[in-house]
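Enquirer: have a look; sequence and predicted model below, questions after that.
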Amino acid sequence: MPREGLKKSERITNRFEYKEVIREGRLIDRGAYKAFLLIRPDLDSSAGFIAGKAVGKAAKRNRARRVLREAYRRLKVRLEPGGFKVVFVAKQDAARLKSTEIRLDMEELFERYGLLRKHDPC
RNA sequence: GGAGUAGGCUAGGUUGUCGCGCACAGGUCAUCCUGUGUGAGGAAAGUCCGAGCUCCAUAGGGCAGGGUGCUGGGUAACACCCAGUGGGAGUGAUCCCAAGGAAAGUGCCACAGAAAGCAGACCGCCAGCUCUGCUGGUAAGGGUGAAAGGGUGAGGUAAGAGCUCACCAUUGCCUUCGGCGACGAAGGCAGAUCGGCAAACCCCACCUGGAGCAAGACCAAAUAGGGGAACAGAAGUGGCCCGCUUCGCCAGGAUUCCCGGGUUAGGUCGCUUGAGGUGCGGGGUAACUCGCAUCCCAGAUUAAUGACACCGCCGGUGGCGGGUUUGCGGACGACACGCCAUUGGUACAGAACUCGGCUUAUUGCCUGCUCCGGGU
RNA sequence: GGCGCCAUCGUCUAGGGGUUAGGAUAGGUGGUUCUCAGCCAUCAGACCGGGGUUCGAAUCCCCGUGGCGCUA
């Protein structure tokens, strides 16, 4: 049974990892957020979340980061277990939207790059 | 009912599902899994003040610089708080005030106006003369200005003026009374009545060394070749974290001994038990404080509190129900209330070493008081 | 997180208590030219917001807002 949790070990917490993904990954603009996607077969999949000053003050930044993380967590079960790293950068709209809306948008994103599993286990 | 004013409380809820940080216990003993407990604020914010704590030397003297400025009290401390005094705003409840000194000195008071700081003669008024004017006297009147050297009345005079007198206002001094005090009250004396600005320089009193947890201590890896201790220590030099100076402290060259030290992605400590909360009792008008009991209540570091559902709460729209509304009855309309459906909203905002304040942002409600309008 | 600095026409700036806030560029209008540039004339345009001190504040003081820099 696949877990729905998102531990610290499955997140990007290192400055160099962030720089690597942002430098070498592909930039995709999705309106409410931006995503840097780095696809390489040898990688364990992991995700990072950034909310800069442009989003707002501390409360809005926290909200935006949580919404992105929740959306990714819900979606993670249906993604390939390895082969990519992704960094989500929140924009101003992210704090206003619901996590379910973001998840639908993310699903479309991952499907386009072939990271969504063909056979849904659920 | 409306408007206002002061104070206080609150910061949606829970269970279910999924998820996160930390602590403890157990299983596995890299990892990871399970269970239990616990997990943001009144402003956590702005960083405007005050402290603790850490390092620089234990933080010294003088100057400069900076800060504070009615009185008494509270406090670890404050520019904060409480109680008062004086002044100001408002019909009032109530609120506001950096509120010492202008006879220590310097400076400034634009424009306008005759004159603006040892006052002053443009018009006017009065007197004189060599009479289309000039000279002298005069601050009662006009006009200017933010501000023109008290007000009213009488006497007085050439015309006038605290020039003189009475009363009133103000200021200073003295005495008595009340108050710890700021100050207040009463009486007397002095024609005294020659401004304002010190958030202009300044004077007086008091306070003030600097930097800040990215302080500071340690570990590991990589890199480069030095680093530390002891002895000695006159002068000179450098440092001691805004400046100057004095005093003081530390360091250097050589020798001897020892092997660790510096920097930087990273990690550990600092890191949460504290001027702590709650309850009861005492002291005090109050701020606050004393005693006893009891509790442990976030510690992250790409940074933990979220998502979904349901129920609340508030507003809009629609429907239904009973009720109120002119002397009576009825219809319509309006009004508030209850129920149901639907739709939207449910603030400001997120601990980062820790406290005490201030300021700003903001949700819902309660209580006291004041003014205005209406009814009985 | 901590510490510090700044704010004046669209832009860059002067002014540090006193007439209508000055200048340079950019802009509008008119002239010169066959036309444009340039030149000449002329016009419009600002003290970040709110309180306080003062007779009077862009200037002095306090509170806020926005922007920028330093620090491992």
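Expert: Looks like it arrived, so ask away.
Enquirer: return the top strand by length along chain A as CSV; C-alpha atoms alone will do.
Expert: Counting by DSSP state E, the longest strand found in chain A is strand A:33-44. Output of strand A:33-44 as CSV, limited to C-alpha atoms (Å, rounded to 0.1, in the frame of the first residue of the first chain):
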residue,chain,number,x,y,z
TYR,A,33,3.0,28.9,-9.6
LYS,A,34,6.1,28.0,-11.5
ALA,A,35,7.7,24.6,-11.6
PHE,A,36,11.3,23.6,-12.3
LEU,A,37,11.3,19.9,-13.5
LEU,A,38,14.5,17.9,-13.7
ILE,A,39,14.0,14.5,-15.3
ARG,A,40,16.9,12.0,-15.0
PRO,A,41,16.4,8.2,-14.6
ASP,A,42,18.9,7.7,-11.8
LEU,A,43,17.2,10.1,-9.4
ASP,A,44,15.0,9.3,-6.4
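Enquirer: what comes up buried for that strand?
Expert: A:33-38 (16 or more other CB atoms under 10 Å). C-beta: built from backbone N, CA, C; applies to glycine.
Enquirer: before we move on, what about stretch A:7-22?
Expert: Neighbour-count burial for stretch A:7-22 [16+ other CB under 10 Å]: A:12, A:17-18, A:20-22.
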